[in-house]
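J.: Pasting a predicted model and its sequence here:
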Amino acid sequence: MGFAAGGLLTERGFLDFLVAGVTNPISRYQTQRAFSPFGREIGMGSHWDCCFYRCFVVGLPKPSRAVGIWAWDHTGLMLAAIAVLGWVAGAQSGWHWGLSMTGPSRSLLSALLEQSLAPLNWGTFMILGVPVGSFLSARLSGTLFWQLPDSREILLRFLGGGLMGFGGTLAGGCNIGNALTGLSILSLHSAVATASIVFGLALAVRAQGIDR
Amino acid sequence: MLLTASLGLLVGVPLGILIHRAGFCMHSGFRQALRGAPSASFLACLLALASQMVVVNALAESSLIRAVPLAWASAILVGLAFGIGMVLAKG
């Protein structure tokens, strides 16, 4: 709720002046297409690959084969398959971006507020499917239970959600839309936004204490 | 609208199942990575990103996507706000 409210306030509410001020593009690609294969146009491909390999492929932890929870390689490949399916299925409905959370949360809330079907798009139905899928999965595996954090925690979560909606709206995507989808097409915008998200996360974690 | 809804749910429902079954959480994933211990979520995210990158770029010829202009200020400043929000909202 906080997430969608923050996003909608930023897009159309009292914070909307920021949208024009902050999201002014400073560079536009020459071509219509967002990318050329493997980042040729931003010249990052080979350097990234090298970093990626050095940091993450050498000395990776072995995927855990414990029963009950998916090993990371399994999760990663499944997630990639779903993400690619997102691109393909989305394109059939005029959604030319893969998985995303911020825009769809906004459109869901605005559809509810306006009581209109107009804001609904592929992304809205996609995020509606997420809690349904998780609910079904929890129900089927017998791990379903309801819980409510204490009131201070609820307030913090709402506030955090609002900040995520605000940031996600102005940054053109959240951790899914930028870090997972945007980076996959080597969008420089998403690379900067992802680095910044991680930096913001690190700042807040430092302020909170890392073990909390 | 019906087609859009079915195509959306076709992707959203499996994503929800995956998030539940794999315990996939980018907040805790990034958080543990900051601590120097790459968690399962973090590694899964990287693997998904890498595989998606290959496949989606390979599919690019079918012109599935459109240009995204770069907005520096928004990417940097509000990315920060988003990250802080992620920690507060634990999401």
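T.: Yep, it's here. Numbering: from 1, shown residues only, chains lettered A, B, ... in the order given.

J.: Going along the chain, name the helices of chain B.
T.: Per DSSP state H, chain B carries helices over the ranges B:2-22, B:26-34, B:40-58, B:72-73, B:79-89.

J.: JSON lines for these, including mean pLDDT?
T.: Shown next, in JSON lines, are these (pLDDT from 0 to 100):
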{"stretch": "helix B:2-22", "mean pLDDT": "92"}
{"stretch": "helix B:26-34", "mean pLDDT": "85"}
{"stretch": "helix B:40-58", "mean pLDDT": "86"}
{"stretch": "helix B:72-73", "mean pLDDT": "61"}
{"stretch": "helix B:79-89", "mean pLDDT": "80"}
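
J.: can you redo the ones you listed as JSON lines with distance to chain A?
T.: The C-beta positions use only the backbone N, C-alpha and C, and glycine is treated the same way. Supplementary listing: the helices of chain B in JSON lines, determined by distance: least, Cβ to the nearest Cβ, whole Å:
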{"stretch": "helix B:2-22", "distance to chain A": "2"}
{"stretch": "helix B:26-34", "distance to chain A": "5"}
{"stretch": "helix B:40-58", "distance to chain A": "3"}
{"stretch": "helix B:72-73", "distance to chain A": "5"}
{"stretch": "helix B:79-89", "distance to chain A": "2"}
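
J.: Mind putting these into JSON lines with mean neighbour count?
T.: Output for the helices of chain B, formatted as JSON lines (neighbours: other Cβ atoms under 10 Å in any protein chain shown):
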{"stretch": "helix B:2-22", "mean neighbour count": "21"}
{"stretch": "helix B:26-34", "mean neighbour count": "20"}
{"stretch": "helix B:40-58", "mean neighbour count": "21"}
{"stretch": "helix B:72-73", "mean neighbour count": "16"}
{"stretch": "helix B:79-89", "mean neighbour count": "26"}
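
J.: closest one to residue A:147 among the ones you listed?
T.: With Cβ to Cβ as the criterion, residue A:147 lies closest to helix B:2-22 of the helices of chain B, at 14.4 Å.

J.: tell me the angle of the closest one relative to helix B:40-58?
T.: 140 degrees (axes from the mean of the first three to the mean of the last three Cα atoms, to 10 degrees).

J.: before we move on, back to that, what about the helices of chain B, which gets the closest to residue A:139?
T.: helix B:2-22 (9.8 Å).

J.: Quick one: list the elements packing against that closest one.
T.: The elements that helix B:2-22 packs onto, with contact taken as 3 or more Cβ pairs under 8 Å, 6 or more residues apart in numbering or on different chains; DSSP states H and E, are helix A:72-92, helix A:122-141, helix B:40-58.

J.: mind saving the C-alpha coords of that helix as CSV?
T.: Taking Å, rounded to 0.1, in the frame of the first residue of the first chain, the C-alpha atoms of helix B:2-22 are listed here in CSV:
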residue,chain,number,x,y,z
LEU,B,2,-8.9,-10.5,-21.1
LEU,B,3,-5.8,-11.4,-23.1
THR,B,4,-3.8,-8.8,-21.2
ALA,B,5,-5.0,-10.2,-17.9
SER,B,6,-4.3,-13.8,-18.9
LEU,B,7,-0.8,-12.9,-20.1
GLY,B,8,-0.1,-10.9,-17.0
LEU,B,9,-1.3,-13.7,-14.6
LEU,B,10,0.6,-16.2,-16.7
VAL,B,11,3.8,-14.5,-15.6
GLY,B,12,2.7,-13.1,-12.2
VAL,B,13,1.5,-16.3,-10.6
PRO,B,14,4.7,-18.4,-11.4
LEU,B,15,6.7,-15.4,-10.1
GLY,B,16,4.7,-15.5,-6.8
ILE,B,17,5.2,-19.2,-6.5
LEU,B,18,8.9,-18.8,-7.1
ILE,B,19,9.2,-16.0,-4.5
HIS,B,20,7.5,-18.2,-1.9
ARG,B,21,9.2,-21.5,-2.7
ALA,B,22,12.7,-20.1,-3.1
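
J.: so how many other residues sit close to residue A:132?
T.: For residue A:132, the neighbour count with other Cβ atoms under 10 Å in any protein chain shown is 14.

J.: For chain A, which segments count as helices?
T.: For chain A, the helices defined by DSSP H occupy A:2-12, A:17-22, A:45-52, A:72-92, A:102-114, A:122-141, A:151-170, A:188-208.

J.: Would you mind finding the most buried of those?
T.: Stretch with highest mean neighbour count among the helices of chain A: helix A:2-12 (a mean of 23; mean count of other Cβ atoms under 10 Å in any protein chain shown).
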